[in-house]
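I would like the atomic coordinates for the input below:
(chains A and B)
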Protein chains: 2
Amino acid sequence: MAEIEPSAPVFDTLALIGIGLIGSSVARVARARGTIARRIVANARSERTLARVAELGIADACEIDPARAVVDADCVMLCAPVGAYAALAEAIGPHLKPGAIITDVGSTKQSVIRDVGPFVPEGVHFVPGHPMAGTEFSGPDAGFAELFEGRWTLLTPPPGTNAQAVARVRLLWERMGASVSVMDPAHHDRVVAIVSHLPHLIAFTICGTADDLADETRQEVLQFAASGFRDFTRIAASDPVMWRDVFLNNREALLEMLARFTEDAQAMARAVRWGDGGYIEDKVLRGRKIRQALIDLNQA
Amino acid sequence: MAEIEPSAPVFDTLALIGIGLIGSSVARVARARGTIARRIVANARSERTLARVAELGIADACEIDPARAVVDADCVMLCAPVGAYAALAEAIGPHLKPGAIITDVGSTKQSVIRDVGPFVPEGVHFVPGHPMAGTEFSGPDAGFAELFEGRWTLLTPPPGTNAQAVARVRLLWERMGASVSVMDPAHHDRVVAIVSHLPHLIAFTICGTADDLADETRQEVLQFAASGFRDFTRIAASDPVMWRDVFLNNREALLEMLARFTEDAQAMARAVRWGDGGYIEDKVLRGRKIRQALIDLNQA
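Numbers count the residues shown, from 1 in each chain, chains lettered A, B, ... in the order given. Below is the predicted model of the structure:
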């Protein structure tokens, strides 16, 4: 692969397999800047989504058949829920151009390597990726060109991946405004389990716990949602299929982090029951310290 | 007690016992509007805090001795951490003016009635209150006049409380921009346990869980704090003494809600372990529904 001129697009044809919040944001930033891809092909499972993409005018071509969507692409980006990756990879694998790059935006990386890897043909480069950006909204209308601005994208290329292919995917994300870090896939899955997957599991759970309360209390839960609960519901208002797939595909790391959290919550419960004020204060102080560290790192 | 004219202040002298985020916000809104109190007396535990209050110019008088702070007050509002209430009530009880109203802003209400009630002299009216507003900041600099705007304040008068005293405290909060609801104290404690106390306990806990991870992962937790974890740290960056006191003084309701949540989290863990995608999807959908209900109620 040749060097990319600063003003030239990173890819000629970029195929987006799935065009929800993330895929449509990639399409929008590619439209907004001339330096991402010359041509965007959008693929979705439903004609309805593709019709909406055509209306929004964020892709150059819409194609319902993933195999046909990738034939001209020098980069294929999987933007579907990770549970759909194995079938998609099997469908597109034989149709990928020699020298093409296949990448993705899934929140789990070991499962993606397990599911996609076997279908990547000789001469095609596979660079798994994970933009750590999102909102509680989903679908092609939810995307916006600034979504990746100032956020991290993690790349987890398997050992032996072509370095130039990795560099090109890195450049793609940098040109979309993201900072890029390369990480071991297993390590990635543990970090995101505590940073993102466990907080979402907790938020979904507490909404259910509240919803199970007696009718009168439930009404008041909604009425008096103070900032604590309200913030949890924002996190909880996410896409069900995407999160189902994330949980099922990062099972071990997620269960480990949940087990650690549960032990810690039980220790807190014990401190509350036995009136151990010092223990509680210490935990709140640690929360403050972590918040301060995030502020110092510009992540707050 | 006579009717209050629309343009007249609700109270002549309002004594704020404790002047952190909430107390200093009350002081500020009283300053900003002429209809709350003619005169504000501020009390704090430390000369340093009172010196700062004097610098900020948000009180008419500063008094380090709570007993002296209340002598002229027709309303005394306890704005200290709830663990300090019993000692404060004992100190001020004998010095309260006949006909005065004592109220508070604590997040637990059964404990406040238990701790303050015995020290309220005959002829003084006790109207426990809880403004459901706050930020992650604390101290007299953290307050602002708009804090209560559009938020709920819950009043939990014990049976037999003078109705006019309740009406006057209601008017006070309404004039500070809040909506007011009257509630049974035990019911209040259960509602806030799920709406506010449990979310805070969870947020403090997950920050500790993350902080206990191996050094390398911890750095990355900070670096890659996606929106999920970041929102939890905001909640967790709260005042340690205030929250210690809240947890210890709403023990039963908090432990019950934590036990319910833990059962639900274990059910979710089981679904993740055994690949029950339908269960997970259903929980995420419930989170969405609750979020939508909050949006419909203008609480989101």
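
how long is stretch A:188-205 from one end to the other?
End-to-end distance for stretch A:188-205: 24 Å, by C-alpha to C-alpha, to the nearest Å.

anything in that stretch near chain B?
Yes: legend: contact between stretch A:188-205 and chain B by C-beta under 8 Å from any C-beta of the partner chain is shown at A:190-192, A:194-205. All C-beta atoms are positioned from the backbone trio N, CA, C, and that covers glycine.

nearest to chain B, of these?
Taking C-beta to the nearest C-beta as the measure, chain B sits nearest to residue A:199 out of the residues of stretch A:188-205 next to chain B, at 3.4 Å.

Tell me how far that closest one lies from residue A:272.
Here residue A:199 is placed at a distance of 22 Å from residue A:272 (C-beta to C-beta, to the nearest Å).

Looking at these two, which one has more neighbours?
More neighbours surround residue A:199 than the other of residue A:199 and residue A:272, with 29 against 23 (other C-beta atoms under 10 Å in any protein chain shown).

is it true that the more buried one touches residue B:231?
Yes: using C-beta atoms under 8 Å, residue A:199 makes contact with residue B:231 at a distance of 7.4 Å.

Could you point out which residue ranges in the stretch 151-300 of chain A have low pLDDT?
For the stretch 151-300 of chain A, applying pLDDT under 70 flags the ranges A:226-227, A:299-300.

I'd guessed residue A:35 sits against residue A:6; true?
Yes: here residue A:35 reaches residue A:6: they are 7.5 Å apart, a contact under C-beta under 8 Å.

So between these two, which is more surrounded?
Ranked by neighbour count (other C-beta under 10 Å), residue A:35 and residue A:6 place residue A:35 first, with 18 against 7.

Enumerate every residue touching that one.
Going by C-beta atoms under 8 Å, 6 or more residues apart in numbering or on different chains, residue A:35 touches A:6-10, A:175.

again, 7 Å this time
By C-beta atoms under 7 Å, 6 or more residues apart in numbering or on different chains, the contact set of residue A:35 is A:7, A:9-10, A:175.

okay if I get the residues you listed as JSON lines plus neighbour count, secondary structure and distance to residue A:241?
Converted to JSON lines, the contacts of residue A:35 look like this (neighbours: other C-beta atoms under 10 Å in any protein chain shown; DSSP: H, G, I helix; E, B strand; the rest coil; distance: C-beta to C-beta, whole Å):
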{"residue": "A:7", "neighbour count": "7", "secondary structure": "coil", "distance to residue A:241": "39"}
{"residue": "A:9", "neighbour count": "19", "secondary structure": "coil", "distance to residue A:241": "32"}
{"residue": "A:10", "neighbour count": "23", "secondary structure": "coil", "distance to residue A:241": "30"}
{"residue": "A:175", "neighbour count": "20", "secondary structure": "helix", "distance to residue A:241": "29"}
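
Relative to chain B, which of those is nearest.
Nearest to chain B among the contacts of residue A:35: residue A:175, at 20.4 Å, using C-beta to the nearest C-beta.

In chain A, what residue spans correspond to helices?
A:21-32, A:47-56, A:66-70, A:85-92, A:110-116, A:163-175, A:185-192, A:198-211, A:215-223, A:227-236, A:240-249, A:251-274, A:277-296 (DSSP state H).

most packed of the ones you listed?
Among those, helix A:198-211 has the highest mean neighbour count (mean count of other C-beta atoms under 10 Å in any protein chain shown), at a mean of 26.

which other helices and strands contact that helix?
Judged by 3 or more C-beta pairs under 7 Å, 6 or more residues apart in numbering or on different chains; DSSP states H and E, helix A:198-211 is in contact with helix A:215-223, helix A:227-236, helix A:251-274, helix B:198-211, helix B:227-236, helix B:251-274, helix B:277-296.

If we use 8 Å, what do you get?
helix A:215-223, helix A:227-236, helix A:240-249, helix A:251-274, helix B:198-211, helix B:227-236, helix B:251-274, helix B:277-296 (3 or more C-beta pairs under 8 Å, 6 or more residues apart in numbering or on different chains; DSSP states H and E).
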